[in-house]
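Peer 1: I'll drop the sequence and a predicted model, then ask my questions.
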Amino acid sequence: MKKILLIGIGEETSPKQPVMTALKRTGLTYLYAKWSDLSFCGKTVCLKNVELDLKKIGSVFFDIFRFPITKKISRKEFQFNLENEFNVFLNLLEEKKIYTPNSQFFLQNPFYNKFSQMHLFASKKIPTIPTVHLCDNTPEKVSAALGKQGFSFPLVAKESYGGGGNKVWKLSTKKELDAFVENRRNTNILFQPYMKNEADYRAIVIGGKCLGLMKRSAQKGEWKNNFSLGGKVEKHTDAKMSAFAVRVCKKLGLESAGLDILSTKTGFIIIEINLFFGIEGFQSIYPEIAVAEKIIHLIKTKTI
């Protein structure tokens, strides 16, 4: 039987650890590879300098390809952005007809980040937060662009490659905005109006079904709702919101995703869609839903 290949940042710290645990329970054979152990030579992919025999691989499941690694002693941090390697690998798998979740989406959108997803949402008519992105973040250009769009303070600024609520800032005055963009002239940033809310919602959709909704609310004195930043999470039931999440995934051709949603007076809007989503918060309130097993079932079904 062909193996499932898992590729991640490290077996001990990988967000996809639950998938490996579930694979062990099912008895399915798998091979784990760290991104740091991969090398490329022409069309050959090697694992620890040994050619990876793709004929023995039935499907591939990727962990995130943008991540930091911090040295234990010096605490020096190295940022890795392997979207180019990821795209090359995906094209090779497509050529070999080896399945990986969301592969067609990634092949069509090879530079998927907060900036490109906002453009994609607009082209697909998916309701989201109004956004301004500049290629040159001088204070004058930023202020002019935000004024043109009618944005007022407070604002939210996000780096395109952030995750887990990191690299997101709330700016309340023109002075704060000018100080923020200083030394960030060529940084990939999105600017959005701050939308006051008591909570937002995370929907997990796998294989065309919404597994459940998680309500997320910030700690007292904070404004970010993310579970990874200490936000409170609880179960939430809303059939219309669940159906909305499924429709959005269908529009985008996504097989597996974590959608961050706001409920407004005019309807639901998407904050962002995470294709490498963590399941810890969701699993803590829905222990009866085996998310990892759902992912494995998707892979098995598609592979067969």
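Peer 2: Cool, got the structure. Numbers count the residues shown, from 1 in each chain.
Peer 1: pretty sure residue 255 sits against residue 206.
Peer 2: Yes - counting by Cβ atoms under 8 Å, residue 206 is a contact partner of residue 255 at 7.2 Å. For every residue, glycine as well, the C-beta is placed using N, CA and C.
Peer 1: so which helix or strand takes in residue 197?
Peer 2: Under the criterion DSSP states H and E, no helix or strand holds residue 197.
Peer 1: that one touches residue 260, doesn't it?
Peer 2: No - Residue 197 lies out of contact with residue 260 (Cβ under 8 Å); the separation is 11.4 Å.
Peer 1: in terms of neighbours, single out the busier of the two.
Peer 2: Neighbours around residue 197 and residue 260, counted as other Cβ atoms under 10 Å, are more numerous at residue 260. The numbers are 19 against 15.
Peer 1: that one bridge partners, please.
Peer 2: Legend: beta-bridge partners of residue 260 under DSSP bridges are residue 202, residue 272.
Peer 1: which non-adjacent residue is nearest the residue nearest the centre of the chain?
Peer 2: Nearest to the mean C-alpha position of the chain, by Cα atoms, centre = their mean, lies residue 274 at 2.7 Å. Nearest residue to residue 274, sequence neighbours excluded (Cβ to Cβ, 6 or more residues apart in numbering): residue 258, at 4.2 Å.
Peer 1: which other helices and strands contact the helix or strand hosting the one you found?
Peer 2: According to DSSP H and E, residue 258 maps onto strand 256-264. Applying 3 or more Cβ pairs under 8 Å, 6 or more residues apart in numbering; DSSP states H and E, one finds that strand 256-264 makes contact with strand 200-206, helix 239-252, strand 267-274.
Peer 1: which stretches in the stretch 1-150 of the chain count as helices?
Peer 2: 17-26, 83-95, 103-108, 114-123, 139-148 (DSSP state H, counting those that start in this stretch).
Peer 1: where does the stretch 1-150 of the chain have low pLDDT?
Peer 2: 11-16 (pLDDT under 70).
Peer 1: what's the domain layout of this protein?
Peer 2: Using automatic domain parsing, the domain parsing of the chain gives 3-100, 114-126+197-303, 132-193.
Peer 1: just name the most buried of the ones you listed.
Peer 2: Stretch with highest mean neighbour count among the domains of the chain: domain 114-126+197-303 (a mean of 17; mean count of other Cβ atoms under 10 Å).
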